[in-house]
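Participant: let me see the structure of the following:
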Amino acid sequence: MNTLRPFHLAFPVTNLVDTRKWYTEILGCEVGRESEDWIDFNLFGHQIVAHLVDNSVDNSSNIVDGKKIPSFHFGVILEWYEWQNFSEMLIDKNIEFIVEPHIRFKGKPGEQATMFFEDPSGNNLEFKAFHSDNLIFAKSL
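Facilitator: Purely as a prediction, here's the structure:
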């Protein structure tokens, strides 16, 4: 059996104070190590690191299922019930979604719950869920 290990992702941000507040208060992340130039966050057991940059974040996109999907994005595949609770929490916090929480590929292989939103520096996040981890790489017919 293949046991998944936590991933590490570093990403650019333009303001560490706003980033810290957003990732802790909105997403509920805990802070790990930090310096004046970066902050480690615990995102559902994964290590993400916000690195301070002077320039803006790239927000190019592609059209997928008729929706404008950011080409650079990251997030976590949650359990179905976790995704439901997390999306409700974000709605309660009045998050402005790029793509509202919804179900893609309904009734097909790879059916998934998904949503997209931005952090304060314009980094795009996607959180999704499948009814079974066996469907994560399912091919559409």
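Participant: low-confidence ranges, this structure, go.
Facilitator: Flagging of the chain using pLDDT under 70 yields the residue ranges 1-2, 57-59, 140-141.
Participant: how about the helices of it, start to end?
Facilitator: Taking DSSP state H, the helices of the chain run over residues 16-21, 80-92.
Participant: which of the ones you listed sits closest to G122?
Facilitator: Judged by Cβ to Cβ, the one of the helices of the chain that comes nearest to G122 is helix 16-21, at 11.1 Å. (Each C-beta comes from the backbone N, C-alpha and C, glycine too.)
Participant: any buried residues in that closest one, and which?
Facilitator: Of the residues in helix 16-21, L16, T19, R20 count as buried by neighbour count, 16 or more other Cβ atoms under 10 Å.
Participant: follow-up on the earlier one: closest one to E36 among the helices of the chain?
Facilitator: helix 16-21 (7.7 Å).
Participant: picking that back up, may I see the helices of the chain arranged in TSV, with distance to L52 as well?
Facilitator: Formatted as TSV, the helices of the chain follow (distance: least, Cβ to Cβ, whole Å):
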stretch	distance to L52
helix 16-21	5
helix 80-92	25
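Participant: I39 is nearest to which of those?
Facilitator: helix 16-21 (5.8 Å).
Participant: and the contacts of the closest one?
Facilitator: For helix 16-21, the external contacting residues (Cβ atoms under 8 Å, 6 or more residues apart in numbering) are V13, V31, E36, D37, W38, I39, A50, L52, D119, P120, S121.
Participant: report the contact partners of the fifth one.
Facilitator: With contact taken as Cβ under 8 Å, 6+ apart, W38 is in contact with A10, L16, V49, A50, H51, L52.
Participant: what's the answer for the second one, then?
Facilitator: Contacts were defined as Cβ under 8 Å, 6+ apart; by that measure V31 touches R20, T24, I39, D40, F41, N42.
Participant: ok, now which ones touch the third one?
Facilitator: I39 is in contact with L16, T19, R20, Y23, V31, G32, V49, A50, counting by Cβ under 8 Å, 6+ apart.
Participant: check those against L125 and report the nearest one.
Facilitator: Distances from L125 to the contacts of I39, taken by Cβ to Cβ, are shortest for Y23, at 10.0 Å.
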